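**Q** Sequence and computational prediction follow.
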Amino acid sequence: MKTIKVGIVGIGNCASALIQGIHYYRNKNQEDAIGLMHWDIGGYKPSDIEIVAAIDIDKRKIDKDLSEAIFAKPNCTKTFCKDIPEAGVKVAMGKVLDGVAPHMKNYPEDQTFIISDKKEAEEEDIVRLLKESGAEILMNYVPVGSEKAAKFYAECALKANVAFINCMPVFIASTQEFADKFRQKNLPLVGDDVKSQLGATITHRVLTQMFQDRGVKLERTYQLNTGGNTDFLNMLSQERLKTKRISKTEAVQSVLDKPLDPNNIHIGPSDYVPWQKDNKICFIRMEGKLFGGVPMYMDLRLDVEDSPNSGGCTIDAIRCTKLALERKIGGILTSISAYTMKHPPKQFPDEKAKEMVEEFIQGKRER
């Protein structure tokens, strides 16, 4: 049986949800496999994904089997698949760099990271781990604002000759430097900043497109999000939010023929509410003018479990990346990046991005 061998950096809530999902769908068939955008991609089903390497910096996860580490604190996402067999993969110590915001040390241990006292890995350690594990793809789940860490792991992927999927909002795929490096090594690159399957960004984009298609002039809009996981705690630091705000704002602005004035659009995380845990609550408001210049207002409240919501996109991104590896396609994968990421190198309307992905899967489109 063919498998897709994947390494993961950051064994947090998103990694936990993805790994639970791989096992959740293992005993399903296409008829009862709810919650997937694609059951089969190029002959690969969700259960064909094998996690062969895992990297983190939290002492509660280091040296633990992956099956145990995904449920360790401060992870707090919903457990929807309890039957996770021992993986035979121990979580390795990574490199901290800017992966932990200074303010997080002021919070209770069950809400924040506890950095391991083990010696930090260097580039050669990570490269060796990826090579020895047989990883074909490296998933980047380091926290928002970890620019140095994201670039460090992208460089490790290049040196280990593995593809890279950047699920967080430091711009890797969106920069010419890394696009060129991955193209030159003929390695697939997907990014940046994973969308939720049905979350705040995709909902806001669809509504914005609807305003435009129905001739309603959108004048002002905001998107405010609250949550209680480590991602939201980390994002209390405004300095770490710059690229996140850019990513989410551009995802909505790109749908409009004429972008809104920056003073009339506000999109981004709003606050950390510990008891919400991995539950994310989003508030969207849109103000516009209808026929005759008559004003209208729309308010929407979206309530979702944050991390499983991203799994629907990453499970497709992994399988499309595997197809690119098989077809010896390197560099930016335009279609799956536009479909599953908030800040792809090139934005497309959602229906166009979906069409492009279908063409890529069928081999009718190169990337």
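**A** Yes, it's here.
**Q** OK, contacts around the closest residue to residue 26 other than its chain neighbours?
**A** Closest residue to residue 26 apart from its sequence neighbours, by C-beta to C-beta, 6 or more residues apart in numbering: residue 47 at 4.0 Å. Placement of C-beta: from N, CA and C, glycine included. Listed by C-beta atoms under 8 Å, 6 or more residues apart in numbering, the contact partners of residue 47 are 22, 23, 25, 26.
**Q** ok, and the first one, which helix or strand is that part of?
**A** Secondary structure from DSSP states H and E places residue 22 in helix 13-24.
**Q** And that helix, what does it pack against?
**A** Applying 3 or more C-beta pairs under 8 Å, 6 or more residues apart in numbering; DSSP states H and E, one finds that helix 13-24 makes contact with strand 49-56, helix 306-326.
**Q** Tell me the gap between the next helix or strand after the shortest one and the middle of its chain.
**A** If I follow you right, that is strand 49-56. Next along the chain after strand 49-56, taking DSSP H and E as the criterion, comes helix 66-69. Counting by C-alpha atoms, centre = their mean, to the nearest Å, helix 66-69 is centred 20 Å from the centre of its parent chain.
**Q** What is the very next helix or strand once past helix 66-69 packed up against?
**A** On the C-terminal side of helix 66-69, the nearest following helix or strand under DSSP H and E is strand 91-93. Contacts defined by 3+ C-beta pairs under 8 Å, 6+ apart place strand 91-93 against strand 49-56.
**Q** other SSEs contacting the strand it packs on?
**A** Counting by 3+ C-beta pairs under 8 Å, 6+ apart, strand 49-56 packs on strand 4-9, helix 13-24, helix 66-69, strand 91-93, helix 123-133, helix 306-326.
**Q** Mean neighbour count, mean pLDDT and distance to residue 293 for those - can I get that in a markdown table?
**A** Output for the helices and strands packed on strand 49-56, formatted as a markdown table (neighbours: other C-beta atoms under 10 Å; pLDDT from 0 to 100; distance: least, C-beta to C-beta, whole Å):
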| stretch | mean neighbour count | mean pLDDT | distance to residue 293 |
| --- | --- | --- | --- |
| strand 4-9 | 26 | 98 | 51 |
| helix 13-24 | 24 | 97 | 44 |
| helix 66-69 | 20 | 98 | 57 |
| strand 91-93 | 23 | 98 | 59 |
| helix 123-133 | 17 | 98 | 58 |
| helix 306-326 | 23 | 97 | 37 |
